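Trainee: with the input below, show me the fold.
(2 chains)
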Amino acid sequence: MYTSADLRKGLKIIIDGEPYIVTVFDFSKPGKGQALYRTKMRNMITGIQIERTYRPGDTFEPASLEEREMQFLYKEDTHYHFMDNQTYEQIAIDEQALGEAKNFLTENMNARILRFGDRAIGVELPNFVNLRVIKAESWARGDTSGSDSKPATLETGYVLRVPPFVQEGELITIDTRTGEYSTRVKE
Amino acid sequence: MRRRSALQARASILQAIRLFFVNQGYLEVETPHRIPAPAPESHIDAVPSGSWFLHTSPELCMKRLLAAGYEKIFQICRCWRGEERGRLHTPEFTLLEWYRAESDYRALMEECEAFIQAVASTLGLGDKLHFRGQTIDLTRPWERISVEDAFQRYAPMPMRRALAEHVFDEVMVEKIEPRLGSSRPTFLYDYPAERGALARLKGDDPTLAERFEFYIGGLELANAFSELIDTKEQRERFLAEQAYRRSLSKPPYPLPEKFLRELGTMPPAAGIALGVDRLVMVLLDTPTIDEVVAFTPEEL
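Mentor: Numbers count the residues shown, from 1 in each chain, chains lettered A, B, ... in the order given. You can find the predicted model right below:
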């Protein structure tokens, strides 16, 4: 159990059953008044920011979050199934909780899964992943349209802009932090 | 360890403070830091030192000097308040206190104006300060606004309602303080009576205390009042503060009996406590107290 005196930037606590991380912390004490602990916090599931002011003696449950390396197995409807390679334990994560990561997950890829109790609340992918282009318009040498990129669809269904020379069936590297094309992979 | 320039400026500021008070005919005094009974105040925690305490302010001893006939006194000293640490707080800090017999809080406001102007001028800063991205004009008169009017102007509810709903401090910190002293310093005055355990009540409205604080760029620098000199009432207020502390399961302090006994011979007076570290922050335009002290507690 934490008390308001433990509050500081980076502390993870539970509010209304959900994990929050303190992003801004300030101690204040108006003249002759009581100590006040002012915080800004981010909900670690929804990302929503809140502001709260606490008094001395307020208590908080620590939010214990666990991070584990797991392998992506397969997708079923809106559920993505992962397995812990050490314990062989399997879990399913809903598409919504995956966020942008769902655009870059391919079978057997390793990812770090952030868990709050039994709930997986986030996925961290490697910064760069390789994905195959399954659809891209062909590019005629000598194209004078002046366009320096074209749309391409990846095996995950994700659509992005790639340089004109990228062809259907090729493997490309994506930066998962920005979702942008990085380079072509020579096979 | 701090930048050399900050500690040099701090030393100059201390000298400028002394120069001002000596020129005004004040006597510099030193009173014990370790005392048997701190003033019982609801929200100020004294640090124990053996069976005594480190003082949270030199207030009681300085008032005993007033009672003994010293009419204009000042002191610059280290004080300790438990559990206070933040951008604007260290548990050990430097207070400047000054007291003047036959004076009141209105006269003290004018002295504050003269004091800050004199210190800024001794340091070669002129009448304009730059603090927290604001330019603050020190020329007299500064802004004066009552607590009640400040709630009216800046807060979502009147002062009396904030008190009744026990959110006075929250509203003060979140809505009012950030707005004070932005183009010139602001005196916030006439606090609710229960917010000034050692202050005299207003003659025409005993629900208010003759107390003020002043702010520069949203930062509270000092707390002042017309001193309460009614022994019986002072004892009752101390007992009320003690009862409140007990209700929060905070350790009670022994009553400062010698102070209470001598209060009866103290002349009408006004006194003020000003945070020296914060004054250095304002004059050097630093965002935290850490930049203006030789060491923070974490560095020890």
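Trainee: which parts of chain A sit against chain B?
Mentor: Residues of chain A found near chain B, taking CB under 8 Å from any CB of the partner chain as the criterion, are A:5, A:26-36, A:38, A:53, A:56-57. Quick note: C-beta positions are derived from backbone N, CA and C, even for glycine.
Trainee: same thing but at 10 Å, please
Mentor: With CB under 10 Å from any CB of the partner chain as the criterion, chain A comes near chain B at residues A:5, A:25-38, A:51, A:53-57.
Trainee: do me a favour and average the pLDDT over the helix or strand B:R64 falls within.
Mentor: In this structure, B:R64 sits in helix B:59-67 according to DSSP states H and E. Helix B:59-67 comes out with an average pLDDT of 98.
Trainee: now do A:A140, the pLDDT please.
Mentor: What the model reports for A:A140 is a pLDDT of 65.
Trainee: got it, and B:Y99?
Mentor: At B:Y99 the predicted local confidence, pLDDT, stands at 98.
Trainee: residues contacting it?
Mentor: B:26, B:29, B:58-59, B:62-63, B:65-66, B:70-75, B:108, B:227, B:266, B:269-273 (CB atoms under 10 Å, 6 or more residues apart in numbering or on different chains).
Trainee: residues in contact with stretch B:158-169?
Mentor: Looking at what lies outside stretch B:158-169 - CB under 10 Å, 6+ apart - the contacts are A:28-36, A:53, A:55, B:43, B:146-152, B:155-157, B:170-172, B:174-176, B:190-192, B:194-195, B:207-208.
Trainee: what residues of that stretch count as buried?
Mentor: Using 16 or more other CB atoms under 10 Å in any protein chain shown as the burial criterion, the residues of stretch B:158-169 that qualify are B:M159, B:A162, B:L163, B:V167, B:F168, B:D169.
Trainee: a markdown table please, covering these and showing secondary structure and pLDDT.
Mentor: Converted to a markdown table, those look like this (DSSP: H, G, I helix; E, B strand; the rest coil; pLDDT from 0 to 100):
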| residue | secondary structure | pLDDT |
| --- | --- | --- |
| B:M159 | helix | 97 |
| B:A162 | helix | 96 |
| B:L163 | helix | 96 |
| B:V167 | coil | 95 |
| B:F168 | helix | 96 |
| B:D169 | helix | 95 |
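Trainee: from the residues you listed, pick the one nearest chain A.
Mentor: For those, the minimum distance to chain A (CB to the nearest CB) is 3.9 Å, reached by B:D169.
Trainee: report how many residues lie close to A:T173.
Mentor: A:T173 has 13 neighbouring residues, counting by other CB atoms under 10 Å in any protein chain shown.
Trainee: I'd like the next helix or strand past the lowest-mean-pLDDT helix or strand in chain A.
Mentor: Each helix and strand of chain A was given a mean pLDDT (mean pLDDT, DSSP states H and E); the minimum falls on helix A:95-98 at a mean of 81. Elements were assigned by DSSP H and E; along the chain past helix A:95-98, the next helix or strand is strand A:110-116.
Trainee: for residue 123, which residues are in contact?
Mentor: Let's take chain A. Going by CB under 10 Å, 6+ apart, the list of residues near A:V123 reads A:70, A:72, A:80, A:82, A:93, A:97-102, A:104-105, A:111-114.
Trainee: meant chain B, my bad for not saying
Mentor: With contacts taken as CB under 10 Å, 6+ apart, B:L123 has the following neighbours: B:A9, B:S12, B:I13, B:Q15, B:A16, B:L283, B:L284.
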